[in-house]
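*Asks:* I need the structure of the sequence given here:
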Amino acid sequence: MALPPARIRPDGLFEGYASLFGIADLGKDVVERGAFRDSLTRRGPAGVKLLWQHDPAEPIGRWIALTEDSRGLFVRGQLSLAVARAREIHALMREGAIDGLSIGFRSEKARTEPRSGLRRLERIDLWEISIVTFPMLPQARVSAVKALRAAQAVTQAAFTHADFA
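*Replies:* You can find the predicted model right below:
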């Protein structure tokens, strides 16, 4: 059974995990706990770009919060709805058609396991995080955000009390 699409706020605010610790991505990279710490301290959210499909010509908003927790890199972003591409992505996200997140980085410290071929990323210089169609780490997704209960109630009331005569 398919999961329902993430609820994306009308104002373009969204959140999710851009990376998860200890899980191999499709390129055999595994991000270790603490890998983002130095980069986040150095750059902060304002120093990490929010792009569409890793394209530097397609900035679509800004990161409000980037936090390492016990699970991975938790992100909160704001789509810039004054930008046409961001409005398109917002519509696709609200319909559940787009929900992937992917990191753009330079590896500062890593080790490759000879037996498995996995590259363990111990320190990462994070440049950008993109909304993507197909993330390298399939579990890196936009998650449901806090519902706008008041807006939903108003919408529900309008349908309930609409005069269709």
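*Asks:* is the closest residue in space to Leu40 that isn't next to it in sequence in a bridge, and if so with what?
*Replies:* Counting by C-beta to C-beta, 6 or more residues apart in numbering, Leu66 is the residue found nearest to Leu40 once chain neighbours are left out, at 5.6 Å. Where C-beta positions appear, they are placed from N, C-alpha and C, glycine not excepted. Note on Leu66: beta-bridge partners by DSSP bridges are Val75.
*Asks:* is it true that Leu66 touches Pro45?
*Replies:* Yes - using C-beta atoms under 8 Å, Leu66 makes contact with Pro45 at a distance of 5.0 Å.
*Asks:* compare those two (neighbour count), which wins?
*Replies:* Leu66 (22 against 17; other C-beta atoms under 10 Å).
*Asks:* quick check: that one vs Glu95, distance?
*Replies:* Counting by C-beta to C-beta, to the nearest Å, the separation of Leu66 from Glu95 is 26 Å.
*Asks:* pull the contacting residues for the residue nearest to Leu40.
*Replies:* Neighbour list for Leu66: Ala18, Phe36, Leu40, Gly44, Pro45, Val48, Leu73, Phe74, Val75, Arg76, Leu126, Ile129 [criterion: C-beta atoms under 8 Å, 6 or more residues apart in numbering].
*Asks:* ok, now with 7 Å
*Replies:* Leu40, Pro45, Val48, Leu73, Val75 (C-beta atoms under 7 Å, 6 or more residues apart in numbering).
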